[in-house]
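# Any chance you could fold what I've pasted below:
(chains A and B)
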Amino acid sequence: MVKKRSRMEIVGDMLTAIQEKGGKIKPTHLMYKSNLSHEQLKSYLEELLEKELVDEVKSKEDNQYVIITEQGSKFVQRLREMRQFERSFGF
Amino acid sequence: MLNILFSPQWFYDKDILIDIVSVIVLGLISYVTLRYYQLTRKRQHMFFSLASALLSLSFIFKIITNFTLYHYVLKTQQIGSFTSTSLIIQNSDTLLLAGTLLYRLLTLLGFYLLFSIYYNQQPKPVYTLMIFFIFVATCFTSTNYYIFHLAVLLFLIFIVRKYYQNYIKTRDRPAKLIFISFGIIMLSQFVFLFINFTNVLYVLAEIIQLFGYSLLLTSFIMVLYYGKKKK
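Coordinates of the predicted model:
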């Protein structure tokens, strides 16, 4: 059985997906990359925007993008360190 | 009578320096894991941070006790007049006893907390019993110092076993170093069991402990480095 992801893991997956796309991603792509429904994406994005981990920008072609902030990048970094800590200490 | 002086005279203060290294390593680990707890709110992270903090604090009490012993109690015995010396010894007796007991209590609690992270399926009565035995091992074994080291050794055997299993499972380099460093700390506790026979063993145990905690620091830095590196 596939383990249900925690809220922290989903946030981590979202931010990592943005980073892997060079720090900028379309909301639809983010939804697919993070395996979320539209409603879930909306709810998580609101939270990330509120915590200033991501920002929303519009391109010249009027396409909407989600970008990762410096704070968001630091958060991903800490999350990676924490995951390595859990792996190494056998949590 | 509480026997707390095991160090040879030439090793005075050097053992304090070794313990300061342990305080720094454990304090650093406690701080970093506390930040992980703030991030995840996981109980395991809180327990790990608390266990490291308790162990770090226990070493602080050991340092205070040894420092008092080497620089006030023993020195006065040699150079002071009879009256003033006995007064100082009586005053510091309480401090030495309290310092030693706190060192033992916090060490046992710290290692028990670490043990509980990996053996968390214990029923509630077992937790209560363990806390009771920790108090007994701390307060009623003042003359039999080795019972304290034996209790710590037992906790460490089970903790090291888990780290070995984790290393086999993950084949992770930091996990291997963590297993080795805790193995070395376990070895130091084994040597501490026999320090009553000759004080050279106290020196050996302290040096092994220094090596163990230094390696633990290296492992922890490696964990942070691997975490930064990995995608």
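# Please identify the next secondary structure element, helix or strand, after whichever helix in chain B runs longest.
Of all segments of type helix in chain B, defined using DSSP state H, the longest is helix B:82-118. Sequence-wise, the next helix or strand downstream of helix B:82-118 (DSSP states H and E) is helix B:124-139.
# Give me the packing partners of that next one, helices and strands only.
helix B:82-118, helix B:145-170 (3 or more CB pairs under 8 Å, 6 or more residues apart in numbering or on different chains; DSSP states H and E). For the C-beta atoms, the positions are set from N, CA and C on the backbone; glycine is no exception.
# Next, the buried residues of that helix.
Under the neighbour-count criterion of 16 or more other CB atoms under 10 Å in any protein chain shown, helix B:124-139 has B:130, B:134, B:137-138 buried.
# Show the average pLDDT along that helix.
If you average the pLDDT over helix B:124-139, you get 89.
# Tell me what angle it forms with helix B:145-170.
Per axes from the mean of the first three to the mean of the last three CA atoms, to 10 degrees, the angle that helix B:124-139 makes with helix B:145-170 is 130 degrees.
# Touching helix B:124-139 from outside, list them.
Helix B:124-139 is contacted from outside by B:101, B:104-105, B:108-109, B:112, B:116, B:122, B:147-148, B:151, using CB atoms under 8 Å, 6 or more residues apart in numbering or on different chains.
# quick check, nearest of those residues to chain A?
Looking at the contacts of helix B:124-139 and their distance to chain A, the nearest is residue B:116, at 12.8 Å (CB to the nearest CB).
# Do I have it right that the closest one meets residue B:47?
Yes. The criterion here is CB atoms under 8 Å, and residue B:116 meets it with residue B:47 at 6.5 Å.
# Tell me the buried residues in the longest helix along chain A?
For chain A, the helix with the greatest residue count under DSSP H is helix A:70-88. For helix A:70-88, burial by neighbour count (16+ other CB under 10 Å) applies to A:72, A:75-76, A:78-88.
# filter the contacts of helix B:124-139 to the buried ones?
Buried among the contacts of helix B:124-139 (16+ other CB under 10 Å): B:101, B:104-105, B:108-109, B:112, B:116, B:147-148, B:151.
# Next to chain B in this structure, residues from chain A, please.
Residues of chain A lying close to chain B by CB under 8 Å from any CB of the partner chain are A:8, A:16, A:20, A:77-85, A:87-91.
# Next up, the contacts around the closest residue to residue B:184 other than its chain neighbours.
Nearest residue to residue B:184, sequence neighbours excluded (CB to CB, 6 or more residues apart in numbering or on different chains): residue B:212, at 3.6 Å. Going by CB under 8 Å, 6+ apart, residue B:212 touches B:181-185, B:187-188.
# Which of these sits closest to chain A?
Distances from chain A to the contacts of residue B:212, taken by CB to the nearest CB, are shortest for residue B:182, at 10.1 Å.
# what about that closest one, distance to residue B:163?
5 Å (CB to CB, to the nearest Å).
# Please point out which parts of the helix or strand containing residue B:17 sit buried.
Assessed by DSSP H and E, residue B:17 sits inside helix B:14-40. By 16+ other CB under 10 Å, the buried positions in helix B:14-40 come out as B:15-16, B:18-19, B:22-23, B:25-27, B:29-30, B:32-34, B:36-37, B:40.
# Determine the set of other helices and strands touching it.
Helix B:14-40 packs on helix A:70-88, helix B:43-68, helix B:199-229, going by 3+ CB pairs under 8 Å, 6+ apart.
# and of the buried residues of helix B:124-139, the nearest to chain A?
residue B:130 (21.0 Å).
# dump the residue contacts of the closest residue to residue B:53 other than its chain neighbours.
Nearest residue to residue B:53 in three dimensions, chain neighbours excluded: residue B:30, at 4.2 Å (CB to CB, 6+ apart). For residue B:30, the contact set (CB under 8 Å, 6+ apart) comprises B:49-50, B:52-53, B:56.
# do residue B:14 as well
Contacts of residue B:14 (CB under 8 Å, 6+ apart): residue B:206.
# Perfect, I'm done here.
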